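S.K.: 3D model of this:
(one chain, ligands or ions: 1)
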Amino acid sequence: MRAVRRAIQFIAHRSRNSSASYSQAARRAFSSSFSSSSLKILEKIEEEDEGRERGRFNASTIHSSFCFPAGVLCTPASMSPITHFLMGWTVANAVPSLTKRERALVTWAGVVPDIDGLGIIAEKLTQHSSHPLYWWSNYHHTVGHNLGFALVVAAMAAVFARQKVKTALLVLFSFHLHLLGDVVGARGPDGSQWPIPWLLPFSNHVQLTWSGQWALNAWPNFIVTAILIGLTLVLARRRGFSPLEMFSAKADAVLVRTLRTRFPLKTSN
Ligand SMILES: [Zn+2]
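M.R.: Numbering: from 1, shown residues only. So this is what the prediction gives:
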């Protein structure tokens, strides 16, 4: 009975952290020492827990309050891609020698982990069918949010970069800043957390969480994003380019000109 209680405690802990990988780990860990009746209890708890989690997190329950800024380019239960993008851009500007392409690679490395959130499309489309696909509920914060995927992204970036090592290292840093952002400030509105299985696919044993994690729509996220926007504008005025260079050279030039007209650069003489 003591072992069952331990399992219940483990699953209770898992339900607070909401990751399928926890329950899988629990099953593996306990299956060798549990009697079949104990395992049945464990399975029941697990099923109930997952049902609760689906009810909480499935695509039909997604609301704009998950998003930051509210309603804009939201990836539910993940920090806003805009914030991640600006973080990546700031990293890309840390090394002045990077080319335009290398800056783009480093910037997008800060957003790309959320590619595993695209399962939301399939989940939304099939939510009322007889065979709903829980691709977002099951894979978001898992498939793209780990070291293995970070290494793949860094290797791909190196292929397209001229300064391969420098770019790959900055890509890794930018990618991990995304993970840090999610761990620190992506708590769901009901207080649920999604642990990040950082060592996947090599190991399932590291699940990154932080008990002090703040909510997606909490004020620190607004402050962080506001600071990043300010920093982006300061850099654009000083360096003569902004993230708009990735979308339109004309728009980028207009922004820089506007900033320099309003806040002229000091001339040296
Ligand atoms: Zn994320």
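S.K.: what residues are up against Trp214?
M.R.: Trp214 sits next to Val184, Gly185, Arg187, Pro220, Asn221 when contact means C-beta atoms under 8 Å, 6 or more residues apart in numbering. C-beta here means a position set from N, CA and C on the backbone, and glycine is covered the same way.
S.K.: Filter the residues you listed down to just the ones in strands.
M.R.: With DSSP state E as the criterion, strands contain none of the contacts of Trp214.
S.K.: Those in helices, which ones?
M.R.: The helices, defined by DSSP state H, take in Val184, Gly185, Pro220, Asn221 from the contacts of Trp214.
S.K.: Whichever of the contacts of Trp214 end up buried, select them in PyMOL.
M.R.: Selecting just the buried residues from these in PyMOL takes one command, with 16 or more other C-beta atoms under 10 Å as the test:
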select buried, resi 184+185+187+221
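S.K.: related to what we said a few turns ago, which one among the ones in helices among the contacts of Trp214 sits at the bottom for pLDDT?
M.R.: Of all those, Gly185 carries the smallest pLDDT score, 84.
S.K.: Now for it: which residues touch it?
M.R.: Neighbouring residues of Gly185 by C-beta under 8 Å, 6+ apart: Met79, Gln213, Trp214, Ala215, Leu216, Ala218, Pro220, Asn221, Val224.
S.K.: Tell me the one of these nearest Gln207?
M.R.: Closest approach to Gln207 among these (C-beta to C-beta): Gln213, at 13.0 Å.
S.K.: so that closest one makes contact with Gly181?
M.R.: No: applying C-beta atoms under 8 Å, one finds Gln213 not in contact with Gly181, separated by 10.6 Å.
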